[in-house]
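>>> below are the sequence and a predicted model for it; my questions follow.
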Amino acid sequence: VKTFRRRPDRKNELVLYATNGKGEPYDRSDVDYFIGVLGDPGEMPRVWMFENEGNQREYWAKSTNRASKRWVELPLSLNRELYEVKNEAEAV
């Protein structure tokens with residue numbers, strides 16, 4: 001899981017840095033997929049998942065709309081009715 005950042009010097013484009021603590025890109029043998037989280041102030045976080053292309057240091061998107069077309073956006077909504085216990089007998 002990595003954080004998307006907005007680049008003000010690039011018209012607020014989104015960038016995810018796909019490097020480890022040594023600054024090296026993640027190899028496919030280490031990471032199959034990235035999950036990138038964008039947390040803009042005052043907005044619900046948005047999450048995308050995409051495959052590691054191997055030896056790529058950065059992943060870019062010009063906008064959240066483009067990101068959603070390019071990658072799989074994961075919903076953050078939850079239907080709580082699916083997980084609620086209906087009565088005490090069901091809880092046991």
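Right, received. Where do you want to start?

>>> and the helices in this structure?
For the chain, helices defined by DSSP state H occupy the ranges 64-70, 88-91.

>>> go through the ones you listed and find the least confident stretch.
The weakest mean pLDDT among the helices of the chain belongs to helix 88-91, with a mean of 59.

>>> so where's this structure uncertain?
Along the chain, segments meeting pLDDT under 70 span 78-80, 83-92.

>>> so which residues of it form strands?
Taking DSSP state E as the criterion, the chain carries its strands at 2-3, 5-7, 13-17, 33-38, 46-51, 58-61, 72-74.

>>> can you pull the contacts of residue 32?
By C-beta atoms under 8 Å, 6 or more residues apart in numbering, residue 32 lies in contact with 51, 52. Every C-beta, even on glycine, is put in place using the N, C-alpha and C of the backbone.

>>> that one and residue 81, how far apart?
Distance, residue 32 to residue 81, using C-beta to C-beta, to the nearest Å: 33 Å.

>>> what's the burial count for residue 37?
If you count neighbours by other C-beta atoms under 10 Å, residue 37 ends up with 15.

>>> I should have written residue 39 there, sorry.
12.

>>> could you do residue 59 as well?
Applying other C-beta under 10 Å, we find 21 residues neighbouring residue 59.

>>> now it. Nearest residue, chain neighbours left out?
Distance criterion C-beta to C-beta, 6 or more residues apart in numbering; nearest residue to residue 59, sequence neighbours excluded, is residue 16 at 4.6 Å.

>>> residue 81 versus the one you found, what's the distance?
From residue 16 to residue 81 the distance is 34 Å (C-beta to C-beta).

>>> compare these two and say which is more crowded by neighbours.
residue 16 (24 against 7).

>>> show me what contacts that one?
Counted by C-beta under 8 Å, 6+ apart, residue 16 has contacts 2, 3, 4, 5, 34, 36, 58, 59.

>>> PyMOL command for the buried members of those residues?
Provided next is the PyMOL selection string for whichever of these are buried by 16 or more other C-beta atoms under 10 Å:
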select buried, resi 4+34+36+59
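
>>> what's the most distant pair in the contacts of residue 16?
The largest distance within the contacts of residue 16, taken as C-beta to C-beta, falls between 5 and 34 and amounts to 13.7 Å.
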